[in-house]
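# would you be able to build a 3D model of this:
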Amino acid sequence: MRADRALIAGIAAYRRHPWTRRLPDPPAIWAEGGSRLLDYGGQGPAVMFVPSLVNRAYVLDLTPERSLMRWLPGQGFRSLLLDWGWPGEAERDFTLTDYVAGRLERALAAAPGPVVLAGYCMGGLLALAAALRRPDRVRALALLATPWDFHAGPDAARRARTAAALLPGLEAVMAPTGALPVDALQTLFALLDPFGVAQKFRAFARLRPESERATLFVALEDWLNDGVPLPAPVARQCLAGWYGRNEPGLLAWRIAGAVVDPAAWDGPAFAAIPERDRIVPPASAHAAAARLRRGTTHLAAGGHIGMVAGAGAETALWRPLAAWLAGLG
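Residues are numbered from 1 along each chain as shown. As a prediction, this is how the structure comes out:
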């Protein structure tokens, strides 16, 4: 009962917290449909970040103090962010091949390349597939908290198949709009970490509202709640193909007919694996890292989101990533 009161208090404190994100977007150097390639500036080699399709891109540009995109230019790199945007009528029919061999490749063509292509979470799979298709536009590859073997890790296979088994019931939910709604996506993520939601709000209830930790919590929670629907064809491919059949881990996932295999990437690669990731089990990410021929594996202290935007992100990921980038020459 006491825990329930703490949970309710945490949710109430979050809802009345005054913080709102007011960070303006930088200029876009390319746009198509709802997607834009944002240019954060910088004078050095270009690093192009590819986020997930199911969350807003600004997790990498959360606040002035927690922005990997705004930090990297100060380290001697030009920072670019692919903002997938909200899927409109045209995107509702997109498959993963449409996103990779179409939109992502056209964004790559508009970038000052060849670039270092850095994919975060689901974006890492898309970045890998694009790099294999267009090695002329990609000089190096970074996979940040990127899943690969969806059945690796304790209880992972059962949980993945449980998520996939929900697909038939989700067809009726997707039918009216041609997309998997944000609420349904959030429910699926909650299944991956069923106790995490309650725990984080109980912890938030103990924070001083004016503290930096409280502000960062609100910023991240607002981002999590600002989701993006997933086009139905992509939802089917991810739930049935990735989670159900583990196609990436079994080297059966294809883009435009070609198998996607990390071992086929000949260039330098960096794999950042959060040690406390509850969304992508470390064993799943290690499976991709182990197949990279010229890979550097970095074990990051933190969780899936904390590694890129948390209070310790600069130490956990930003500086190790910048050091690897600097070593590319």
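# these two touch, right, Ala316 and Met307?
Yes - using C-beta atoms under 8 Å, Ala316 makes contact with Met307 at a distance of 5.1 Å. For the C-beta atoms, the positions are set from N, CA and C on the backbone; glycine is no exception.
# which neighbours do those two share?
Counting by C-beta atoms under 8 Å, 6 or more residues apart in numbering, the shared contacts of Ala316 and Met307 are 274, 300.
# okay, now Thr20: neighbour count?
8 (other C-beta atoms under 10 Å).
# how much space separates the closest residue to it other than its chain neighbours from His304?
Counting by C-beta to C-beta, 6 or more residues apart in numbering, Asp222 is the residue found nearest to Thr20 once chain neighbours are left out, at 7.6 Å. Going from Asp222 to His304 by C-beta to C-beta, to the nearest Å gives 17 Å.
# those two: which has the busier surroundings?
It is His304, of Asp222 and His304, that has more neighbours when counted by other C-beta under 10 Å, with 20 against 16.
# all strands for the stretch 101-250 of the chain, in order.
With DSSP state E, counting those that start in this stretch, the ranges of strands along the stretch 101-250 of the chain come out as 115-120, 138-144, 179-180, 230-231.
# for Leu132, find the nearest of the ones you listed.
Evaluated with C-beta to C-beta, the strands of the stretch 101-250 of the chain place strand 138-144 nearest to Leu132, the distance being 8.8 Å.
# can I get the closest one in CSV, CA atoms only?
C-alpha atoms of strand 138-144 as CSV (Å, rounded to 0.1, in the frame of the first residue of the first chain):
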residue,chain,number,x,y,z
VAL,A,138,29.7,5.4,-45.3
ARG,A,139,33.2,5.5,-44.0
ALA,A,140,32.6,3.9,-40.6
LEU,A,141,29.6,2.5,-38.6
ALA,A,142,28.5,3.0,-35.0
LEU,A,143,25.9,0.8,-33.4
LEU,A,144,24.5,2.2,-30.2
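# contacts for it next, please.
Contacts with strand 138-144, where a contact means C-beta under 8 Å, 6+ apart, come from 45, 47, 108, 113-121, 124, 127-128, 130-131, 265, 267-272, 285, 288-289, 307-308, 317, 321, 324-325, 328.
# check which residues of that strand are buried.
Neighbour-count burial for strand 138-144, counted by 16 or more other C-beta atoms under 10 Å, picks out 138-144.
# redo these as CSV? Include distance to Phe94 and pLDDT.
What follows is the buried residues of strand 138-144, written out as CSV (distance: C-beta to C-beta, whole Å; pLDDT from 0 to 100):
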residue, distance to Phe94, pLDDT
Val138, 22, 99
Arg139, 27, 98
Ala140, 27, 99
Leu141, 23, 99
Ala142, 24, 99
Leu143, 22, 99
Leu144, 23, 99
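# going by distance to Arg22, which of those wins?
Leu144 (26.1 Å).
# partners of that closest one in the sheet?
Note on Leu144: beta-bridge partners by DSSP bridges are Tyr120, Ala272.
# so who does the residue nearest to Thr20 touch?
19-21 are the contacts of Asp222 under C-beta under 8 Å, 6+ apart.
# now Tyr14
Listed by C-beta under 8 Å, 6+ apart, the contact set of Tyr14 reads 201, 204, 217-218, 221.
# which strand or helix spans it?
helix 2-16 (DSSP states H and E).
# ok so, going back, out of the contacts of Asp222, which are inside strands?
With strands taken from DSSP state E, there is no overlap with the contacts of Asp222.
# which one in these is the model shakiest on?
Within those, Trp19 has the lowest pLDDT, namely 80.
# burial measure for that one, as a count.
Neighbours of Trp19 (other C-beta under 10 Å): 16.
# let me have the contacts of Asp222 in TSV, adding distance to Arg158 as columns.
Converted to TSV, the contacts of Asp222 look like this (distance: C-beta to C-beta, whole Å):
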residue	distance to Arg158
Trp19	38
Thr20	40
Arg21	37
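# so which of those belong to helices?
The members of the contacts of Asp222 all map outside helices under DSSP state H.
# still on that earlier bit, after the helix holding Tyr14 comes which helix or strand?
Following helix 2-16 in sequence, per DSSP H and E, is strand 28-32.
# what strands flank that next one, and is each parallel or antiparallel?
strand 35-39 (antiparallel).
# so what touches the strand it pairs with?
Identification of contacts with strand 35-39 by C-beta under 8 Å, 6+ apart yields 25-31, 48, 57, 69, 78-85, 103, 107, 110-111.
# stretch 314-323 now?
By C-beta under 8 Å, 6+ apart, the surrounding residues in contact with stretch 314-323 are 68, 71-72, 75, 77, 118, 142, 144, 270, 272, 274, 298, 300-302, 306-308, 310.
# which parts of that stretch are buried?
Within stretch 314-323, the residues that count as buried by 16+ other C-beta under 10 Å are 316-318, 320-322.
# closest one to Pro209 out of the residues you listed, please.
Ala316 (25.6 Å).
# double-check that the closest one belongs to a helix.
Yes - under DSSP: H, G, I helix; E, B strand; the rest coil, Ala316 sits within a helix.
# would you mind measuring from it to Arg56?
21 Å.
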